[in-house]
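A.B. asks: coords please:
(one chain, ligands or ions: 1)
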Amino acid sequence: MKIAVVGATGLVGTKMLQVLAERNFPVTELLLVASEKSVGKEITFKGKAYKVISVEDAIKQKADIALFSAGGSTSLEQAPLFAAAGTTVIDNSSAWRMDPTKKLVVPEVNADVLTPEDKIIANPNCSTIQMVVALKPLHDKYKIKRVVVSTYQSVTGTGVKAVDQLMNERNGIDGPMAYPYKIDLNVLPHIDVFTENGYTKEEMKMVKETNKIMGDDSIRVTATTVRIPVMGGHSESVNIEFANDFDLAEVRELLAKSPGIIVTDDVANLKYPMPLDAHDKDEVFVGRIRRDESQANTLNCWIVSDNLRKGAATNAVQIAEYLVANHLVGQAVLSE
Ligand SMILES: NC(=O)c1ccc[n+]([C@@H]2O[C@H](COP(=O)([O-])OP(=O)(O)OC[C@H]3O[C@@H](n4cnc5c(N)ncnc54)[C@H](OP(=O)(O)O)[C@@H]3O)[C@@H](O)[C@H]2O)c1
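C.D. replies: Numbering: from 1, shown residues only. Coordinates of the predicted model:
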């Protein structure tokens, strides 16, 4: 596969390269793409140095797959040009997620919706990905009626600028701000921009994307998304109301045997998921599984995952792996 990584110098792009290498994705040619300011810069992949090229040069080279993580406006502009050149785009930005003509995919949940005609595929929001991986097996068994989620999100979710802000603050350096306020020793109940209904865009992404990925608009979701001064991953406190009653031991067993999930739930030995442990892992960690004693058929749990991996790079590479395994991709696939 000829693979382009668009946004190769960014946090997600760097992680994509790491994941492609680790999973031994069949890369035969690699195109590394970033903004004009990075053209010519060298990046190493599997011990070989590559020069960063421009978007225009990359389009001409007709890659089989382009993994995009270069922001929404770049994606809106450039993804259709890659697609027109026969390249299948897997996009990490929010640009295409709610477009009814584009698939929004978490492989453990809905990879079966993909067809060879899908030339722009959207990777969901990081906090939504880790939540739906855990919701899917529970929905299949007990039918979810409503989800109430509060997130505790890593600064890595905002990109290089935010990691720099946190580190500068820790080291007493005055630098550019990624957030409107100090993030070190602070908590910001604000991710992405505020919308007219008083929620943030991140919160509304969790609502709408969950319904689209799960293929079920009857699931009611409400979210509060919060930025905390943490690096390793996003954490979520999730309250789930089901139509049917459940057994706690069965819930643990169901989650433990579902793909991509590790249950870490042994409070007697102080075992629960934490971002420090999830960091650089591909799985979604679920713990603090307990009954909501204030209401029937309702469960509380705590979900943690590395937002740069399962929340972005790993999920995108897993989509690419699914496309390859099912012969849904390649410059020749539509003419076969
Ligand atoms: N961080 C996360 O957890 C996460 C999770 C899911 C999705 N995402 C999404 O992934 C995207 C990238 O996030 P990030 O955290 O990796 O951001 P980042 O660290 O700021 O990196 C942005 C990347 O985009 C490139 N870029 C910017 N403008 C470009 C242009 N006009 N043409 C080509 N490349 C351009 C940058 O290149 P230069 O270095 O040359 O500027 C850089 O490689 C965003 O859309 C974000 O919403 C992020």
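
A.B. asks: Write out the residues of the chain neighbouring the ligand.
C.D. replies: When proximity is defined as C-beta under 6 Å from any ligand atom, the chain approaches the ligand at 6-13, 33-35, 37-38, 55, 69-72, 74, 92-93, 126, 156-157, 159-160, 307-308, 311-312. Where C-beta positions appear, they are placed from N, C-alpha and C, glycine not excepted.

A.B. asks: Just the C-alphas of stretch 88-106, formatted as CSV.
C.D. replies: Listed next in CSV are the C-alpha coordinates belonging to stretch 88-106 (Å, rounded to 0.1, in the frame of the first residue of the first chain):
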residue,chain,number,x,y,z
THR,A,88,-9.2,6.6,0.2
VAL,A,89,-9.0,9.3,3.0
ILE,A,90,-9.3,8.4,6.7
ASP,A,91,-9.8,11.7,8.4
ASN,A,92,-9.2,12.5,12.1
SER,A,93,-10.8,16.0,12.1
SER,A,94,-14.4,16.8,12.7
ALA,A,95,-14.9,18.0,9.1
TRP,A,96,-16.8,15.0,7.7
ARG,A,97,-18.1,13.2,10.8
MET,A,98,-21.7,14.3,10.6
ASP,A,99,-21.9,14.4,6.8
PRO,A,100,-24.7,11.9,6.0
THR,A,101,-22.8,10.7,3.0
LYS,A,102,-19.7,9.8,5.0
LYS,A,103,-19.2,6.8,7.3
LEU,A,104,-18.1,7.4,10.9
VAL,A,105,-16.3,4.3,12.0
VAL,A,106,-15.0,2.6,15.1
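
A.B. asks: Kindly indicate whether Asp112 is helix, strand or coil.
C.D. replies: State at Asp112, reduced to three classes by DSSP: H, G, I helix; E, B strand; the rest coil: helix.

A.B. asks: Phe285 now?
C.D. replies: Put simply, Phe285 is strand when judged by three-state DSSP.

A.B. asks: What count of nearby residues applies to the spatially closest residue to it that is not a sequence neighbour?
C.D. replies: Closest residue in space to Phe285, ignoring its immediate chain neighbours: Pro273 at 3.5 Å, by C-beta to C-beta, 6 or more residues apart in numbering. Applying the criterion other C-beta atoms under 10 Å, we find 25 residues in the vicinity of Pro273.

A.B. asks: ok so, going back, from the residues of the chain next to the ligand, which land in helices?
C.D. replies: With DSSP state H as the criterion, helices contain 11-13, 55, 72, 74, 126, 160 from among these.

A.B. asks: List buried residues within those.
C.D. replies: Buried residues within those, defined by neighbour count using 16 or more other C-beta atoms under 10 Å: 11-13, 55, 74, 126.

A.B. asks: Okay, Thr158 and Thr264: tell me how far apart.
C.D. replies: For Thr158, the distance to Thr264 under the criterion C-beta to C-beta, to the nearest Å works out to 26 Å.

A.B. asks: which residues in the stretch 101-250 of the chain form strands?
C.D. replies: Counting by DSSP state E, counting those that start in this stretch, one finds strands in the stretch 101-250 of the chain at the ranges 103-104, 120-122, 144-152, 220-224, 234-242.

A.B. asks: okay but Gly159 is in contact with Ala178, surely?
C.D. replies: Yes. In this structure Gly159 lies within contact range of Ala178 using C-beta atoms under 8 Å: 7.4 Å.

A.B. asks: which residues touch the spatially closest residue to Ala320 that is not a sequence neighbour?
C.D. replies: Counting by C-beta to C-beta, 6+ apart, Ile65 is the residue found nearest to Ala320 once chain neighbours are left out, at 5.3 Å. Contacts here follow C-beta atoms under 8 Å, 6 or more residues apart in numbering; on that basis Ile65 touches 1-4, 87-90, 320, 323, 329.

A.B. asks: who wins for most neighbours among the residues you listed?
C.D. replies: Taking other C-beta under 10 Å to define a neighbour, the member of these with the most is Ala320, carrying 28 neighbours.

A.B. asks: Am I right that that one is in contact with Val89?
C.D. replies: No. With contacts counted by C-beta under 8 Å, Ala320 stays clear of Val89, the gap being 10.7 Å.

A.B. asks: Can you give me the neighbour number for the closest residue to the ligand within the chain?
C.D. replies: Proximity to the ligand, evaluated over the chain using C-beta to the nearest ligand atom, is greatest for Gly10 at 2.1 Å. With neighbours defined by other C-beta under 10 Å, the count for Gly10 comes to 20.

A.B. asks: What segments of the protein are helices?
C.D. replies: With DSSP H as the criterion, the chain has helices at 11-22, 55-60, 72-84, 107-110, 126-142, 160-170, 201-214, 248-256, 275-278, 314-325.

A.B. asks: Output those helices in a markdown table; the columns should cover distance to Met98 and mean pLDDT.
C.D. replies: Converted to a markdown table, these look like this (distance: least, C-beta to C-beta, whole Å; pLDDT from 0 to 100):
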| stretch | distance to Met98 | mean pLDDT |
| --- | --- | --- |
| helix 11-22 | 20 | 97 |
| helix 55-60 | 24 | 98 |
| helix 72-84 | 12 | 98 |
| helix 107-110 | 15 | 98 |
| helix 126-142 | 12 | 98 |
| helix 160-170 | 24 | 97 |
| helix 201-214 | 6 | 98 |
| helix 248-256 | 28 | 98 |
| helix 275-278 | 27 | 98 |
| helix 314-325 | 17 | 98 |
